[in-house]
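turn this into a model:
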Amino acid sequence: FGRSLERPSTLASFALNTYRYNLPEDYYQNYLIKLAAVSKEDVLRVAKKYLAAEGYRITIVGKSADFSKKVAAFGPITYYDFEGNVTDAPIELPEGVNAESILANYFKGLGGLEKLQSIKTLEVSREASIQGINLKSREVFSFPNKVYKLQDMGPMGKIETIKNEGTFKFMQNGMETPLPEDQLADIKKEMGWIEELDYAKNGVVCKAVGMDEIGGKSVYMLEVNNNGDISIDFFDVASGLKLRTQETSTSEDGETSVQNVDYKNYIDKGGIMMPEIISIPVGLPMNLEFKLVDAKVDGKVDASLFSK
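Reported below is the predicted structural model:
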């Protein structure tokens, strides 16, 4: 308060407040003296008179699991989702459930960590359709260091990303396209098959944050911090399989949106459980559903793909 008096703008606002609110002329001169004379008993007396507890609401925005216990002493709590709809209170995680156990059960549900790490080759093809345009994706792996990924967008062209040992290529419509180092680094991280297997190598930090329900199934919620990019993964309690990845983004005008990528109808392909459908939002109310067309585990792959 004292330092603020050094600014002419502060003195001008004081003069305006004195006039506007009909304050005594010596109000600000005696402000600190009167403030120092206020006791804690005075504060409590006035609070009891004017601050009726039943007339106030405490609003907190964030992850309910982070604060629900701390604010329970203030009275009943009503929870809302990001759209403003009333929702259920967060479900606490059972004793012993943590990020490590959730991921371990996920690997087990997929077929077992030993099985996942023993695969030599893998080829997965998916297709989707939107507004009459057929889209295709193809992923070919020759473990541990060769990857080919194709996104065929029909009339919009093709994108290929290739990893051959320590060499990376990004190609558009058959032509190699140089990329800035930051974009290339992001692509390198996405060249894996099951990204969770590479979390430790890529410096990804995970934390179990609660429970929820998806389609009537209880799920564990895992917060994933990938070098500052935060998402929430949802894993089926019963099967261990990942059912959803949720990302929250904020536009330049401050509007918040939530996008869910859903993994549906897992089926067995060569001893590995794979989602038959991957549903990706492309703008409300449309989702792009990539359906599994073919998957070959430890089959013969076209080696020339890695040498384009």
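
beta partners of the residue most central in space within the chain?
In the chain, the centroid-proximal residue (CA atoms, centre = their mean) is residue 231; its distance is 1.6 Å. On the basis of DSSP bridges, residue 231 is bridged to residue 224, residue 247.

got a list of what it touches?
223-224, 245-247 (CB atoms under 8 Å, 6 or more residues apart in numbering). Every residue, glycine included, has its C-beta placed from N, CA and C.

go again with 7 Å.
224, 245-247 (CB atoms under 7 Å, 6 or more residues apart in numbering).

which residues does residue 140 contact?
Contacts of residue 140 by CB under 7 Å, 6+ apart are 123, 148, 301, 305.

I'd like the mean pLDDT over the strand or helix carrying residue 32, please.
According to DSSP states H and E, residue 32 maps onto helix 31-36. Mean pLDDT, helix 31-36: 84.

buried sites along the longest strand along the chain?
As assigned by DSSP state E, the longest strand anywhere in the chain is strand 256-269. By 16 or more other CB atoms under 10 Å, the buried positions in strand 256-269 come out as 260-263, 266, 269.

ok, residues contacting that strand?
82, 241-250, 273-281, 295, 297.

so residue 141 makes contact with residue 116?
No - assessed by CB atoms under 7 Å, residue 141 is found out of contact with residue 116, at 11.7 Å.

tell me which of these two has more neighbours.
residue 141 (22 against 17; other CB atoms under 10 Å).

got the buried residues for the helix or strand encompassing the more buried one?
Element membership for residue 141 (DSSP H and E) is strand 133-142. In terms of neighbour count (16+ other CB under 10 Å), strand 133-142 has its buried residues at 135-142.

neighbours of residue 217, how many?
Counted with other CB under 10 Å, residue 217 comes out at 15.

ok, the nearest residue to it once chain neighbours are set aside - contacts?
Taking CB to CB, 6 or more residues apart in numbering, and ignoring the residues beside it in sequence, residue 217 has residue 236 as its nearest neighbour in space, at 5.4 Å. Applying CB under 7 Å, 6+ apart, we find residue 236 in contact with 217, 219, 243.

bridged to residue 236, which residues?
Counting by DSSP bridges, the residues bridging with residue 236 are residue 219.

can you list the helices and strands that the helix holding residue 32 packs against?
Of the remaining helices and strands, none touches helix 31-36 by 3 or more CB pairs under 7 Å, 6 or more residues apart in numbering; DSSP states H and E.

ok now whatever helix or strand comes next after it, how far from the chain's centre?
Heading C-terminal from helix 31-36, the first helix or strand you meet, by DSSP H and E, is helix 40-50. The chain centroid and the centroid of helix 40-50 are separated by 44 Å, computed with CA atoms, centre = their mean, to the nearest Å.

list the buried residues for helix 40-50?
So for helix 40-50, nothing qualifies as buried (16+ other CB under 10 Å).

hmm, who's touching that helix?
The contact list for helix 40-50 (CB under 7 Å, 6+ apart) is empty.

quick one: average pLDDT of stretch 166-174?
88.

list the contacts of it.
157-162, 176-177, 179, 184, 187-188, 308.

go with 10 Å
Residues outside stretch 166-174 that contact it (CB atoms under 10 Å, 6 or more residues apart in numbering): 145-148, 150, 156-163, 176-179, 183-185, 187-188, 191, 306-308.

tell me the spacing between residue 165 and residue 103.
Using CB to CB, to the nearest Å, residue 165 is found at 28 Å from residue 103.

and residue 168, by the same measure?
Taking CB to CB, one finds residue 168 at 27 Å from residue 103.
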